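Undergrad: all I have is the shape, not the residue letters:
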C-alpha cells in the first residue's frame with residue numbers, strides 16, 4: 001500500500017486510489033465540480049488542482065493516481081490562487097440567476113464561489129447565452145447556466161445506458177444537449193438533476209415550488225417498485241413536494257427511478273379523505289367513522305367466515321397485513337391472498353420468492369439468465385446494477401421471454417417458456433454451467449400465468465442443474481413488481497386450509513359463493529367481478545377497488561405512516577411518516593383495530609409497538625431491520641406441463657403501475673410523451 005504525505009501528514013492508502021480520494025481519507029476537503037465517485041473521471045473542471053512535489057505544474061487530484069512517496073500540498077497560496085482563477089473562469093458566462101434558480105441553496109457553484117470567488121468581475125464582454133433545451137416532462141434544461149462538467153453525459157451513458165446526451169462545439173461554444181431535439185427516454189433521467197452542480201438541469205415538476213430551507217426532510221423507503229430504494233421525503237406543511245434518493249450501497253446506491261421520484265403529485269389527487277357508504281339508491285354518500293365501522297360490523301357479524309374473503313394490495317405494509325390476517329383468522333375466513341396478479345409464488349419456501357443473491361450480489365455474478373422479466377421498467381435502479389456488472393466484463397446475459405430494450409446486450413433465446421426444461425444442454429445453458437456464480441432472474445410475467453407453478457419448478461431445476469443454487473451461492477432470483485408482496489408472503493397472507501386464491505375469490509364472488517370481500521389497498525382487480533358480494537375497500541386513492549366498494553374506509557399512503565416494508569431481496573426496511581393523512585383518513589392498522597372492536601373481537605394490540613411485537617413474534621426476521629436473512633433452499637414449484645403460449649412483454653407502462661402513479665399528472669405527461677406519443681391527449685387526464 002503506497003504511503004504519501006498530504007499537508008505534512010503521512011497516510012497509507014490502497015493502491016489505485018486517486019489523490020483526491022486519498023485527501024478525503026486524510027480529512028482534507030478538495031473542491032470539485034466534474035468529479036463523482038460513481039462516474040468515470042473527466043478531469044475537466046480543474047477545480048481540484050493541488051501542488052505535488054517535483055511536479056513542474058499543478059495536478060488535477062481527481063485524475064492523478066496515488067504513488068508511493070508523493071508529497072501533496074492542498075492549501076498553499078499558489079493552490080488558492082489557482083482555485084480563484086478557475087472560479088473566475090467558470091463565472092465568466094454564468095448568469096446571475098441565483099434569486100430565481102431552483103438550485104439556490106443546494107448549489108455547489110454557490111458554495112464554492114463563497115470559498116473561492118471574488119466580489120467583482122473583470123469580464124466586460126457580453127455573456128454567452130444558450131437556447132433552452134427541451135429534455136422532456138421531467139428535466140428542465142437551462143443550459144446557459146451549464147459549466148460543462150459533463151456529469152449528466154457520463155451518467156446517462158454509463159449508468160443509465162441510454163446515450164442520448166452529448167456535447168457539441170468547442171470552447172465557449174460547447175453545448176450539452178441531445179444532438180437532435182428530443183426528450184430523454186431513460187427511466188433514471190431525474191438523477192442528472194441531483195448530479196448537476198449548478199442550476200443547468202432542474203426538476204421540471206418541482207419548478208418554483210419551494211426553497212430547501214422551507215422543507216421538512218424525512219428519511220423513508222420508496223414503495224413504487226419492489227426494490228425498496230432509500231429516499232428522503234421533502235414536505236412543507238401537509239404536502240409532499242419532492243422525493244430524493246438516499247445513499248444505500250446495498251440497495252439503490254444513490255440513484256432513484258423517475259416514477260419513484262416524480263409520482264408524488266399523485267399523493268394529493270383522487271384521495272379518499274373520509275368514509276363513504278353506498279346508499280339504497282346505489283350512490284356513495286359521506287359517513288362518519290362510527291357509522292361506517294358499524295355498517296361493516298353489522299354486515300360481517302351475520303356472515304359465516306367461510307363466505308368472507310380478503311385481498312391485500314401491492315402497496316400494503318407488513319403491519320396492516322398482519323392486522324388484517326389476524327382479523328380474518330378471528331372471523332374464521334381461510335380465503336386470503338396477496339397475489340392480485342395470480343403469480344404462482346410458493347409461500348412455503350422462502351427461497352422461491354426472494355432475490356436470493358441480493359441486489360449487491362449482482363456484482364459478484366458472472367452470468368445471467370432473465371426469464372419473463374423486463375428489469376429496465378420493473379426496477380430501473382436494479383437494472384442499472386446489472387449494467388454496472390456487464391460493464392465490468394465477463395458477464396453474458398441471456399433473455400427468455402419478450403425482447404425488451406435493455407441497456408446492455410442480451411442473447412435472445414426465444415419466447416417459449418418450455419425452453420427452460422432444455423436450456424441446461426443448450427449453448428447458453430453451458431455458459432451458465434461454466435460460470436462460477438450464475439444467476440437466474442425470474443419475473444412476474446413468467447409466474448403470473450396458469451402454468452406459473454410449472455415454470456417456477458422448471459426454473460428451480462435449471463438453477464440446480466447449472467450450479468446457481470449451491471451451499472455458498474444462491475443465484476435463483478425472483479424480481480417482484482409489488483413493494484408489499486414479499487412482506488405479505490413472509491406473514492403468510494395466503495389461502496388457508498380449503499381457502500381460495502385471488503382467481504378463486506373472484507370466481508366465487510361472481511357466482512355468489514362469497515357474501516363479503518375485504519379489499520386492503522387491492523386496486524389491480526376488475527371491479528365488475530365484485531358486483532354481487534358486500535365489498536369493503538380500505539385504501540388511500542379512489543382507484544379500481546374503491547369503484548367496487550359498498551363501504552370505503554380511507555387509509556394512509558406510504559408517506560403518511562410509520563410502516564415496515566420488505567423488498568424483493570427480503571430486506572425489512574422502515575418507512576417514516578412525513579405528513580399526516582388528509583382529512584379523516586387514518587393509518588391502516590388503526591382502522592383494522594377499530595373495526596375489530598366494533599365487531600366485538602378486539603385484536604390483541606392497542607398501539608403500533610404492541611402490533612410490531614406480535615408481528616415479529618410471528619415472523620422474527622421482520623425485526624431484523626435492514627438485514628437480509630438467507631433463505632433455506634428447498635423444493636418448490638409444481639411439476640407439470642408448460643404451455644407453449646409465448647412469454648409476453650412485462651409492464652406495459654412503467655409510469656402508471658399503481659394508484660399513486662395513476663393519479664399523478666406528471667406521470668400522465670410521461671405516458672403521453674413516452675408510451676402513447678401519438679395519442680394527442682392534452683391536459684391532466686391519464
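TA: Perfect, I can see it now. These numbers were taken from a predicted model, which means no experiment stands behind them.

Undergrad: so residue 324 sits against residue 592, correct?
TA: Yes: with contact defined as Cβ atoms under 8 Å, residue 324 reaches residue 592; the gap is 5.7 Å. The way it works is simple: take the backbone N, C-alpha and C, and place the C-beta from them, glycine included.

Undergrad: could you check the pLDDT of residue 121?
TA: Per-residue confidence (pLDDT) for residue 121: 83.

Undergrad: that one: what secondary structure?
TA: Using DSSP: H, G, I helix; E, B strand; the rest coil, the three-state assignment for residue 121 comes out as coil.

Undergrad: skipping its backbone neighbours, what lies nearest it in space?
TA: residue 91 (6.9 Å; Cβ to Cβ, 6 or more residues apart in numbering).

Undergrad: ditto for residue 146
TA: Distances taken as Cβ to Cβ, 6+ apart place residue 200 nearest to residue 146, at 4.0 Å, with adjacent residues excluded.

Undergrad: residue 275 versus that neighbour, what's the distance?
TA: Distance, residue 200 to residue 275, using Cβ to Cβ, to the nearest Å: 48 Å.

Undergrad: just residue 67 next, same as before
TA: Distance from residue 67 to residue 275, by Cβ to Cβ: 70 Å.

Undergrad: of those two, who's got more company?
TA: residue 275 (27 against 12; other Cβ atoms under 10 Å).

Undergrad: how about that one, nearest residue that isn't a chain neighbour?
TA: residue 292 (3.6 Å).

Undergrad: quick check: phi and psi at the one you found.
TA: The phi and psi torsions at residue 292 (degrees, to the nearest 10) take the values phi -70, psi -50.

Undergrad: isn't it right up against residue 549?
TA: No: contact criterion Cβ under 8 Å: residue 292 and residue 549 do not qualify, at 10.8 Å.

Undergrad: relative to residue 347, how far out is residue 337?
TA: 10 Å.

Undergrad: what sits in contact with each of those two?
TA: The contact sets of residue 337 and residue 347 overlap at residue 494 (Cβ atoms under 8 Å, 6 or more residues apart in numbering).

Undergrad: give me the more crowded residue out of the two.
TA: Looking at residue 337 and residue 347 with other Cβ under 10 Å, you find the greater number of neighbours at residue 337, namely 23 against 19.

Undergrad: find the nearest non-adjacent residue to the more buried one, please.
TA: In this structure, residue 337 finds its nearest non-sequential neighbour in residue 502, 4.6 Å apart by Cβ to Cβ, 6+ apart.

Undergrad: ditto for residue 548
TA: Of all residues not flanking residue 548 in the chain, residue 527 sits nearest, at 3.7 Å (Cβ to Cβ, 6+ apart).

Undergrad: report pLDDT for that neighbour.
TA: Residue 527 carries a pLDDT value of 91.

Undergrad: burial count for residue 173?
TA: For residue 173, the neighbour count with other Cβ under 10 Å is 9.

Undergrad: gap between it and residue 196?
TA: Computed as Cβ to Cβ, the residue 173 to residue 196 distance reads 20 Å.

Undergrad: picking that back up, list residues touching both of residue 292 and residue 549?
TA: With Cβ under 8 Å, 6+ apart as the test, residue 292 and residue 549 both reach residue 276.

Undergrad: now for the residue nearest to residue 337: which residues touch it?
TA: By Cβ under 8 Å, 6+ apart, the residues touching residue 502 are 311, 337, 339-342, 525.

Undergrad: cool, and residue 469?
TA: By Cβ under 8 Å, 6+ apart, the residues touching residue 469 are 460, 463, 475-476, 633.

Undergrad: residue ranges of the strands in the stretch 151-300 of the chain, please?
TA: Listed in chain order, the strands of the stretch 151-300 of the chain (DSSP state E, counting those that start in this stretch) span 166-168, 175-177, 201-203, 216-221, 230-236, 239-245, 276-278, 284-286.

Undergrad: which parts of the fourth one are buried?
TA: Buried residues in strand 216-221, counted by 16 or more other Cβ atoms under 10 Å: 218, 220-221.

Undergrad: how far off centre is that strand?
TA: A distance of 15 Å separates the centroid of the chain from that of strand 216-221, by Cα atoms, centre = their mean, to the nearest Å.

Undergrad: point out the other elements, helices or strands, that that strand touches.
TA: Applying 3 or more Cβ pairs under 8 Å, 6 or more residues apart in numbering; DSSP states H and E, one finds that strand 216-221 contacts strand 230-236, strand 572-575.

Undergrad: of all those strands, which one is nearest residue 63?
TA: strand 230-236 (30.4 Å; Cβ to Cβ).

Undergrad: can you give me the helices in the stretch 201-350 of the chain?
TA: Ranges of helices within the stretch 201-350 of the chain are 258-262, 289-301, 318-331, based on DSSP state H, counting those that start in this stretch.
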